[in-house]
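Q: Okay, predicted coordinates and the sequence, questions at the end:
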Amino acid sequence: MRDDIDKFFDQHREQYHRQSPPKGHEDRFRQKLKRRKGKSTRYRIGWLPVAWAASILLAIIAGGFLFSNQGGLETPDLVKTTKHFEGLVQEERSVLVSMNEKGAGHWFADVESQLEELQKNQKQLQKEYRRSGKDPRILHMVIQNYQMQINLLTDIKTKIQTHEKQQSKDYRDI
């Protein structure tokens, strides 16, 4: 095939021969080709695929960091609030438990079921607070829920004390 091409150009050289290359051009070109064949060819990676890979890796690392911080770690304001109000709830609950031991059992069961419902709501609110990006309105709802638990316990405690006073007064009147 090469012979056919060479033959074609030899026959039609005059038609295509307008300007000739400088002397020794063909020799220099062949020498460059020989030098290039001797070198080992390296595989070059373009900058665009590397940039894509780096950006994807960076996004995965950042997402993992944000996810681990959001899911596992509590925020300082939520921890403070939770500890403070849980301490108050436990204090009121222990007083109610001691009153229950004195014989106020029929109220105690009802209070326990209401308290369990409020605590379920409390856990859901805390999850929602973390998920929402620490929305202050949800933190306010968390605080309100704790206040409802404390109010429930203090109201029942007051009712039990009032009932006990009424019973003791009725006993003295007899």
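A: Cool, the structure landed.
Q: rest of the way, CA atoms for contacts and neighbours
A: Will do.
Q: ranges for the helices of this protein?
A: In chain order, the chain shows helices spanning 2-11, 13-16, 25-38, 47-72, 76-101, 105-131, 136-173, with DSSP state H as the criterion.
Q: Output those helices in TSV, with mean pLDDT and mean neighbour count appended to each entry.
A: As requested, these are exported to TSV (pLDDT from 0 to 100; neighbours: other Cα atoms under 10 Å):
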stretch	mean pLDDT	mean neighbour count
helix 2-11	80	10
helix 13-16	70	9
helix 25-38	81	10
helix 47-72	69	11
helix 76-101	77	15
helix 105-131	81	15
helix 136-173	79	15
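Q: measure residue 166 to residue 156 for me?
A: Using Cα to Cα, to the nearest Å, one obtains 15 Å as the distance from residue 166 to residue 156.
Q: again, but for residue 111
A: Counting by Cα to Cα, the gap from residue 111 to residue 156 is 8 Å.
Q: Then residue 92?
A: Note on residue 92: its distance to residue 156, by Cα to Cα, is 10 Å.
Q: again with residue 53
A: Residue 53 sits at a distance of 63 Å from residue 156 (criterion: Cα to Cα).
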